[in-house]
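*Asks:* Here's a sequence, model it:
(4 chains)
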Number of protein chains: 2
Amino acid sequence: MPHRDDSVETIHQELTAFARRARATAARMHPELSLVSYTLLAHLDDQQGCRATDLAAHYCLDKSTVSRQIAALEKLGFVERRVDPDDHRVQVLHPTEKGAQTLANVTASRRQAFQERLADWDEADLDRFASYLARYNATQESRD
Amino acid sequence: MPHRDDSVETIHQELTAFARRARATAARMHPELSLVSYTLLAHLDDQQGCRATDLAAHYCLDKSTVSRQIAALEKLGFVERRVDPDDHRVQVLHPTEKGAQTLANVTASRRQAFQERLADWDEADLDRFASYLARYNATQESRD
DNA sequence: AAACTGCGTTGTACTATACAACTACTTTGA
DNA sequence: TCAAAGTAGTTGTATAGTACAACGCAGTTT
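*Replies:* Predicted structure coming up:
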């Protein structure tokens, strides 16, 4: 079934090509918030706060990596820690006002860059592309 | 136009999620050939040899980065350098027999992983997904 | 010939990452 | 009840990938 193979090969190559560039592009656009920091902060914002361990599990990162990333975000004043009164081992992490503001700015400008890149796509194509990506990643997540 | 915004946001998030994981997944699957090395070697194979400068330009990497990656690939015996007879500053890079063989193995196993992940997609969806990704990346490339 | 340009390497620094060892706290079960 | 086992997070250490700057060498231009 050669056609199917070709499609899979293209998806493989194009996703790889994207992955190669994403970090660098993110860093160029937002020196103050790396791709990883951005993602973690966005998750905190989205979840209304969570634990470091949850972040590690969700993003398949080592807890030490998360610990250091959070330490950096805290140093920048973007995140605050609240010790869980029920379990003193646990720190519940929340974006600060400043963190939420910076996140909103970065999100807006990232979204704008994407908008520009996708400006000449019609809505049906955008919609299908979005759902394909979501479907693809959902499969991936269940394997990680 | 809220629907359009939603699609763009999803694409943004899903591509970012993918990017976050791609390196780690690649490293787990193929400790002998990182995502970057793999990509560079694949390009050499595809182009039937090229210069370090060409690789740097094509992948938006610094020449020093390429220089070190190529040095590593050479040390592994995957790449050989041939000095251009017309210009002694230039080294034309080629995969070795061993490099081409390893590349083929890695490509095959990466492709298989993708095949499995995409096994329950029908052909029309695969085809559309592939062309959306290609279209997306083509836009991106012209901006880099 | 001297100045300029282009290719590649090396020195240095930084970020993201993992793994292992550790501290501090909580839960369990005999 | 209290010791053993488990869990949350930090820190030490090591590695990969990356950029920028300074350099050396080989061609090219004036």
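*Asks:* export the helix or strand where A:Thr39 lies as PDB, just CAs?
*Replies:* Secondary-structure assignment from DSSP states H and E places A:Thr39 in helix A:35-47. What follows is helix A:35-47, C-alpha atoms only, in PDB (Å, rounded to 0.1, in the frame of the first residue of the first chain):
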ATOM      1  CA  LEU A  35       9.400  26.800  25.500                       C
ATOM      2  CA  VAL A  36       9.600  24.500  28.600                       C
ATOM      3  CA  SER A  37       9.000  27.300  31.100                       C
ATOM      4  CA  TYR A  38       6.200  28.600  29.000                       C
ATOM      5  CA  THR A  39       4.500  25.200  28.800                       C
ATOM      6  CA  LEU A  40       4.800  24.700  32.600                       C
ATOM      7  CA  LEU A  41       3.500  28.100  33.400                       C
ATOM      8  CA  ALA A  42       0.600  27.700  31.000                       C
ATOM      9  CA  HIS A  43      -0.300  24.400  32.600                       C
ATOM     10  CA  LEU A  44      -0.300  26.000  36.100                       C
ATOM     11  CA  ASP A  45      -2.500  28.700  34.800                       C
ATOM     12  CA  ASP A  46      -4.800  26.300  33.100                       C
ATOM     13  CA  GLN A  47      -5.100  24.000  36.100                       C
END
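*Asks:* where does A:Val92 land in three-state SS?
*Replies:* When classified by DSSP: H, G, I helix; E, B strand; the rest coil, A:Val92 comes out as strand.
*Asks:* show me the contacts for it.
*Replies:* A:Val92 sits next to A:Gly49, A:Cys50, A:Arg51, A:Arg81, A:Arg82, A:Val83, A:Asp84 when contact means Cβ atoms under 8 Å, 6 or more residues apart in numbering or on different chains. Every C-beta, even on glycine, is put in place using the N, C-alpha and C of the backbone.
*Asks:* just to revisit the earlier point, let me know whether the helix holding A:Thr39 sits next to chain B.
*Replies:* Yes. Helix A:35-47 comes into contact with chain B (Cβ under 8 Å from any Cβ of the partner chain), by way of A:Leu35, A:Val36, A:Thr39.
*Asks:* can you redo these as CSV with distance to B:Leu76?
*Replies:* Converted to CSV, the residues of helix A:35-47 next to chain B look like this (distance: Cβ to Cβ, whole Å):
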residue, distance to B:Leu76
A:Leu35, 29
A:Val36, 29
A:Thr39, 32
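*Asks:* Compare those residues and tell me which has the most neighbours.
*Replies:* Neighbour count (other Cβ atoms under 10 Å in any protein chain shown) singles out A:Thr39 as the most crowded of the residues of helix A:35-47 next to chain B, with 22 neighbours.
*Asks:* Secondary structure element holding A:Ala27?
*Replies:* Here A:Ala27 sits within helix A:2-29, counting by DSSP H and E.
*Asks:* for DNA strand D, what are the nearby residues on chain A?
*Replies:* A:20, A:24, A:51-53, A:63-64, A:67-68, A:70-71, A:87, A:89-91 (Cβ under 7 Å from any atom of the strand).
*Asks:* Any idea which residue of chain A lies closest to DNA strand C?
*Replies:* Scanning chain A for proximity to DNA strand C using Cβ to the nearest atom of the strand identifies A:Ser34 as nearest, at 2.7 Å.
*Asks:* ok, and the helix or strand in chain A with the lowest average confidence?
*Replies:* Counting by mean pLDDT, DSSP states H and E, chain A has its least confident helix or strand at helix A:2-29, which shows a mean of 73.
*Asks:* okay, the angle between it and helix B:2-29?
*Replies:* Per axes from the mean of the first three to the mean of the last three Cα atoms, to 10 degrees, the angle that helix A:2-29 makes with helix B:2-29 is 100 degrees.
*Asks:* do helix A:2-29 and chain B meet at all?
*Replies:* Yes. Against chain B, helix A:2-29 shows contacts by Cβ under 8 Å from any Cβ at A:3-12, A:14-26.
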